[in-house]
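**Student:** how would this look folded up:
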Amino acid sequence: MKKTITTLIALLCAGFSFGQHALMYLSYAKDVAEQDTAFVAVVENAKCLKISDSEKSMKNPIPGYAESMTYVDYKADSVYSIVEFEDGKYFTASTLTNNNVVFSEEGTEKVLGYKCNKYKTIINSNTIEVWMAESLGFEATPMPGLGRLKGVMVRCMRNGAYVTDLEEVKDQKYAMVDMIPDYKGERKTSKELAKMRKDKVVVRIPVFDDETINFAEYEPISGDIPYDTTLHFSHGTIIVKRIKLPEFPEHYQLFAEIHQRSNGDAYDRSASVFVIPTEKAKSFKDGLTQGIEALPQFVGKDGQQYQGIKAEKDYLPPVELVRFFTSFGAGHYNDRVQIDGLEWAEENYYKQEINELRDRLCGDVLIGAFIGNYDKGGHKLSLNLLAYPGDDKWGKKPLRQRSIPLFNTCNVMEMSGQNYGRLFATDTLEVEFELPDSITNVRLRYLSTGHGGWDGGDEFNPKENVIYIDGEKRFTHTPWRCDCATFRDQNPVSGNFWNGLSSSDYSRSGWCPGTATNPIYFDLNDLKPGKHAVRIAIPQGKDEGTSFSHWMVSGAVLYEKAKDKK
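**Tutor:** Purely as a prediction, here's the structure:
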């Protein structure tokens with residue numbers, strides 16, 4: 001008899017139980033025919049829960065992926081979230097089972113064959129309804145973050161559309177349970193652990209780290225460009241680096257993140273982050289390493305030469321990732337002027353999604369940044385490429401997005417003599433391109449900003465951009481920003497006028513000091529495979545003395561390869 005009792009006690013201590021329950025939950029969107037569903041497994045034993053995503057697998061995970069497990073100990077009134085990262089380190093955050101979520105009782109209803117008590121609450125404008133069954137005789141939920149309600153959760157519904165249902169309940173006798181571990185890893189708060197998990201899965205690729213972009217003399221560079229070395233061109237106003245970038249699966253989204261501040265220059269300057277295509281016989285790299293004369297020349301009706309601004313048979317122009325504009329002196333001049341109610345920004349921050357140009361951001365890549373300025377101190381710039389996963393598995397598929405660079409009149413080699421985009425006063429900009437077979441989602445990605453910084457200049461006067469496709473007027477767009485006063489705190493040495501306005505407050509042709517300019521997209525899905533032409537016309541203003549207007553326009557055709565019909 002003593003032997004039998006001793007054996008029973010040993011089994012219980014090892015995690016065996018007469019009353020263990022295994023539950024399976026299914027999450028789905030209501031009234032949606034084709035969708036992804038998710039399963040969550042809950043094991044209950046002696047007032048403890050183990051909650052896991054039954055669909056999770058460590059096969060081919062994304063970088064930074066972490067295995068996670070949630071334990072609930074109702075006896076200790078604690079919920080433990082334990083996370084193990086791929087490097088073997090693990091962390092835990094704990095909360096109380098009774099948190100601050102307050103439910104109202106909504107009566108009883110029969111759901112999935114169970115008599116349930118219904119509860120309701122509102123969290124961050126989301127209406128949450130929960131149905132709990134007490135007849136099963138124990139407590140269990142796949143969502144301990146909602147707090148502790150009596151019984152077993154049978155259904156949870158968010159905003160009447162997103163549902164988690166109890167699919168299956170199994171009683172298991174003498175079944176093994178993973179007991180709550182004694183050592184749960186390094187302690188973190190719930191917010192810290194959530195941030196850590198997000199940060200780990202984001203791929204951050206540093207390109208430029210606090211580099212100086214200024215007007216100064218640098219040693220000339222000729223020949224090939226080495227990897228992972230920041231080089232200065234065009235009297236220091238351009239920086240370029242050659243890097244190797246991975247090809248991410250389709251579910252990743254790519255962003256450019258730019259930090260910029262004044263290092264002595266007090267003015268708002270045109271700036272650009274770009275990629276240099278090198279698949280043709282000639283490239284913009286030739287202009288950087290051999291001189292502006294190495295770029296293809298276009299002679300406008302005004303008799304002026306425009307270097308390297310449009311696609312040719314053997315040349316592609318730089319592909320603009322982000323167009324941005326520096327502010328009036330953020331960072332360097334914050335102590336010059338004090339205005340009640342304003343705290344000057346220490347830097348300018350720009351972040352844009354560039355996923356549509358991802359075919360230009362894999363493999364061997366030449367990436368550059370330009371800030372037009374004439375100051376010895378110039379500006380400081382950092383650039384990171386960020387890749388955010390949309391799935392926890394790598395699951396690599398062939399890249400479908402493609403781009404065809406067409407034109408770019410941003411005179412990033414200004415200090416080497418590259419002409420401003422002044423041709424629109426007497427001419428239009430026309431470029432031919434060819435579309436392949438079996439493609440979808442064809443669009444023109446278009447960026448346009450007007451310049452000419454006096455009252456009559458195009459910077460301060462709206463001008464309609466007209467886009468012709470194959471000789472037909474198809475699209476019009478008037479670049480204009482009237483929200484520039486929003487960014488007053490980024491412009492510490494912008495000129496202040498008698499009427500209370502500042503120079504940085506004035507509306508401009510598609511840009512504001514201290515902001516990035518968003519691309520505009522035009523639908524080209526009606527175009528057939530084969531050759532086509534795009535033409536840009538802008539009513540550029542007349543010169544006034546030595547002052548002139550010009551337009552920085554860049555464009556690329558975007559498309560996706562059609563999916564196989566298999």
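
**Student:** just give the nearest non-adjacent residue to E129, would you?
**Tutor:** Of all residues not flanking E129 in the chain, M157 sits nearest, at 4.7 Å (Cβ to Cβ, 6 or more residues apart in numbering). All C-beta spots, glycine's among them, are computed from the backbone N, C-alpha and C.

**Student:** burial measure for the one you found, as a count.
**Tutor:** 18 (other Cβ atoms under 10 Å).

**Student:** then S52?
**Tutor:** Count around S52 with other Cβ under 10 Å applied: 18.

**Student:** mind checking what secondary structure it has?
**Tutor:** S52 falls in the strand class when you classify it by DSSP: H, G, I helix; E, B strand; the rest coil.

**Student:** just give the nearest non-adjacent residue to it, would you?
**Tutor:** Leaving aside its sequence neighbours, S52 sits nearest to A41 (Cβ to Cβ, 6+ apart; 5.3 Å).

**Student:** same thing with E320?
**Tutor:** Leaving aside its sequence neighbours, E320 sits nearest to S554 (Cβ to Cβ, 6+ apart; 4.3 Å).

**Student:** what's the distance between the helix or strand hosting that neighbour and the middle of its chain?
**Tutor:** S554 belongs to strand 550-561 when assigned by DSSP states H and E. Mean-position distance between strand 550-561 and its chain equals 19 Å (Cα atoms, centre = their mean, to the nearest Å).

**Student:** quick one: mean pLDDT over that strand.
**Tutor:** Regarding strand 550-561, the rounded mean pLDDT is 97.

**Student:** sheet partners, orientation included, of that strand?
**Tutor:** Take DSSP bridges as the rule and strand 550-561 pairs in its sheet with strand 401-408 (antiparallel), strand 439-451 (antiparallel).

**Student:** from the chain's centroid, how far away is the first one?
**Tutor:** Looking back up the chat, that one is strand 401-408. Worked out by Cα atoms, centre = their mean, strand 401-408 lies 20 Å from the chain centre.

**Student:** buried residues in the next helix or strand after it?
**Tutor:** For strand 401-408, the succeeding helix or strand toward the C-terminus, using DSSP H and E, is strand 429-435. By 16 or more other Cβ atoms under 10 Å, the buried positions in strand 429-435 come out as 429-431, 433, 435.

**Student:** gap between N465 and M552?
**Tutor:** N465 sits at a distance of 12 Å from M552 (criterion: Cβ to Cβ, to the nearest Å).

**Student:** which one's more surrounded, those two?
**Tutor:** Set side by side, N465 and M552 show more neighbours around M552, with 25 against 22, by other Cβ under 10 Å.

**Student:** which residue packs closest to the more buried one, ignoring adjacent ones?
**Tutor:** Nearest residue to M552 in three dimensions, chain neighbours excluded: C410, at 4.6 Å (Cβ to Cβ, 6+ apart).

**Student:** S272 is in contact with the one you found, correct?
**Tutor:** Yes. The pair C410 / S272 is scored as a contact, 5.2 Å apart, by Cβ atoms under 8 Å.

**Student:** which parts of the stretch 251-400 of the chain are strands?
**Tutor:** 253-262, 270-275, 297-299, 305-307, 319-325, 348-353, 363-371, 379-388 (DSSP state E, counting those that start in this stretch).
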